[in-house]
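>>> missing the sequence, but the structure's below:
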């Protein structure tokens, strides 16, 4: 048989372009370096075709949305014809007509996609009258602000909540011009089963869903002479913050961050990777105990507050399986308010612990009542990566003039194991590095568990710990967690250890990170940045961190000791939000 | 956070369960399930919607979306007498709006408040009842009232009121 060669090319603005496995015209066009405007198109979510911004003119067929049209050989496309521009501009006018255009006071001002495109398309006069009445702003929860006056109904938040987290907290209600995107019954987020992961805000093109800013609280504390203000910086932040300063994703700027934060007025700069090492000591010891007694397995990790809240809502049968170890953020706070306060001779109420996190759910975690002692929170203020950028900018610090500085001791000292916590699989890998040596008594020569790494939502592998085969599952996204738990419930799967992170790729994909929903490569670059940082570290195992050893020798005794339990462990409660039991 | 209070009685729950069972808890049967629930309550109470969603493995926000999309579903209590004023083209040109306004005025209702406080009457317009030759047409529950005027409507309402005493 003679093979006929199909010519897989299309013509974009007169230029012949080859296509292969691109999913739609949009991807083919973008490959050629032409930027197509989009609102609802998110490469990691399903196609929706609602916003009509990506329209192109297809010869002989008229105007089509390029995001939902597959490439066909021979298509002749114009991406910027008069007709295309007119359709896009009218769409923008219509979207803007009902939009709350108080841009200067909007959280997303500057990086709002609607604002940027309206500028690019030179929208000056709006011919259409505003019809919608002002809706109430939902800002009573600690993490997120929902302002439907700024919603353009692109549905990205609904798709993220449904496809990534399997929750569908948000949905469209009503019809036609009365359509709104809201939780069930128009409730507030705090009254429904939201876990504050913020993935909705991470894909929102406007300020309709945004991170609740706590930047002012930090300045207030810095300017109060009675307060000592310290920060802890989470692993994933160091490889992402640079993006906001036009430094490539994945570049570790922890030293610059330390220098900048000291100039902002922070007294001490510490590292959450230190308390991540402590987490491994506690959680690792817990795991070894459970494996020995063969009880409460699989052990689920408990570092991710969105996962913890989801488990409390939907998987109450497994609450006893969650590690009782607090998350690294809370361990840091508890240790700071105890050990550091004594060392510096400061009252806990005058000692302000600020966390810098890639995460919006950490804000909700910090205010959980069990994480306060005598009315003083372990962690006082949580800033996301996006907010710390604002903090540095607002203080007038020019980072290009700074040279990297060291972290403060002792809570700035950390191992490579503590750093990889920021990527999906990192917690399990860090735990294995320690558990292997404790269980076998041998030195682990190759510390890299490649099976644990990567952005896949589910990774499974088995390790041999001193003759015992341990089956491990590493999960990111809550939708995947639900699928795995269903299999466990049906008896189709069995694991000893399950790491769960709610955000895609782990904390590096957290909703507090710089907006990255249009670029599929950024998460991978951030992940590589963390493993590169680990590779450079001299100390790669949590139990070899000298400051962790000192902490146990001087203050805590053994892992899982009474003191350690008091400071570093917690319990969980059932949260039956919908309460429909018989 | 406190769990949202559920006010469904066990009797109501078993009624909802039998509806769900009848339709095999299937997502593709959601509209039929909601129609059956609405037959029980004459509207869709939040508690019933939540119950149905959780039992079907759907999120309440998604079910709420379906319930608010279709005009056949009501999230507010409907009256014992559901008055539907046809406002299709034929009825409209033959004066359905004066009839509609007369009903609202007599019952003290507005565009936002469509059910009387005594829960006896609710009124709304529909697009076409398919009885254009009898325009303007009003339907109360299952009964059709042809060629209505404001005056005739007033008499009909008075009679219904008397009947329901």
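Nice, thanks for sending it over. This structure is a prediction, so every number in the text was calculated from the model and none was measured.
>>> Can you tell me the SS state at the closest residue to residue A:107 other than its chain neighbours?
Of all residues not flanking residue A:107 in the chain, residue A:210 sits nearest, at 4.0 Å (Cβ to Cβ, 6 or more residues apart in numbering or on different chains). Every C-beta, even on glycine, is put in place using the N, C-alpha and C of the backbone. Put simply, residue A:210 is strand when judged by DSSP: H, G, I helix; E, B strand; the rest coil.
>>> surely residue A:210 meets residue A:204?
Yes. Assessed by Cβ atoms under 8 Å, residue A:210 is found in contact with residue A:204 at 7.2 Å.
>>> which one of the two has more residues nearby?
For residue A:210 and residue A:204, the more surrounded residue by other Cβ atoms under 10 Å in any protein chain shown is residue A:204, and the numbers stand at 29 against 23.
>>> before we move on, the earlier item: quick one: common contacting residues for residue A:210 and residue A:204?
Counting by Cβ atoms under 8 Å, 6 or more residues apart in numbering or on different chains, the contacts common to residue A:210 and residue A:204 are residue A:108.
>>> Mind splitting chain B into its structural domains?
B:10-69, B:81-163 (automatic domain parsing).
>>> and residue A:75, which of those domains is closest to it?
Closest to residue A:75 of the domains of chain B, according to Cβ to Cβ: domain B:10-69, at 35.1 Å.
>>> quick one: low-confidence ranges for the chain?
By default, I'm working from chain A. Along chain A, segments meeting pLDDT under 70 span A:1-6, A:582.
>>> if you could check chain B rather than the one you did, that'd help
B:1-6, B:165.
>>> ok, and the closest non-adjacent residue to residue A:404?
In space, residue A:404 is closest to residue A:255, 2.4 Å off (Cβ to Cβ, 6+ apart).
>>> so who does the one you found touch?
Neighbours of residue A:255 in contact, by Cβ under 8 Å, 6+ apart: A:403-406.
>>> Residues of the stretch 451-582 of chain A that sit close to chain B?
A:575-580, A:582 (Cβ under 8 Å from any Cβ of the partner chain).
>>> Out of those, which is nearest to residue A:134?
residue A:577 (28.3 Å).
>>> my guess is residue A:72 meets residue A:10, correct?
Yes. Residue A:72 is within contact range of residue A:10, at 7.3 Å (criterion: Cβ under 8 Å).
>>> the more surrounded of these two?
residue A:10 (21 against 11).
>>> Who are the packing partners of the strand or helix carrying the more buried one?
Under the criterion DSSP states H and E, the helix or strand holding residue A:10 is strand A:9-12. Under the contact criterion of 3 or more Cβ pairs under 8 Å, 6 or more residues apart in numbering or on different chains; DSSP states H and E, strand A:9-12 touches strand A:15-18, helix A:25-31, strand A:76-78.
>>> Can you add distance to chain B and mean neighbour count and give these back as CSV?
Listed next are the helices and strands packed on strand A:9-12 as CSV, based on distance: least, Cβ to the nearest Cβ, whole Å; neighbours: other Cβ atoms under 10 Å in any protein chain shown:
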stretch, distance to chain B, mean neighbour count
strand A:15-18, 40, 12
helix A:25-31, 27, 21
strand A:76-78, 35, 18
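>>> Out of the ones you listed, which gets nearest to residue B:14?
helix A:25-31 (51.4 Å).
>>> Figure out how far the closest one is from the centre of its chain.
The chain centre lies 27 Å from the centre of helix A:25-31; the measure is Cα atoms, centre = their mean, to the nearest Å.
>>> Mind listing the residues bridging to the residue nearest to residue A:107?
Per DSSP bridges, residues listed as beta-bridge partners of residue A:210: residue A:145.
>>> Quick check: closest non-adjacent residue to the residue most central in space within chain A.
For chain A, the residue nearest the mean C-alpha position is residue A:510 (0.7 Å; Cα atoms, centre = their mean). The shortest distance from residue A:510 to any non-neighbouring residue, by Cβ to Cβ, 6+ apart, is to residue A:358 (3.4 Å).
>>> my read: the one you found touches residue A:236, true?
Yes. Counting by Cβ under 8 Å, residue A:236 is a contact partner of residue A:358 at 4.1 Å.
>>> measure the residue nearest to residue A:510 to chain B for me?
25 Å (Cβ to the nearest Cβ, to the nearest Å).
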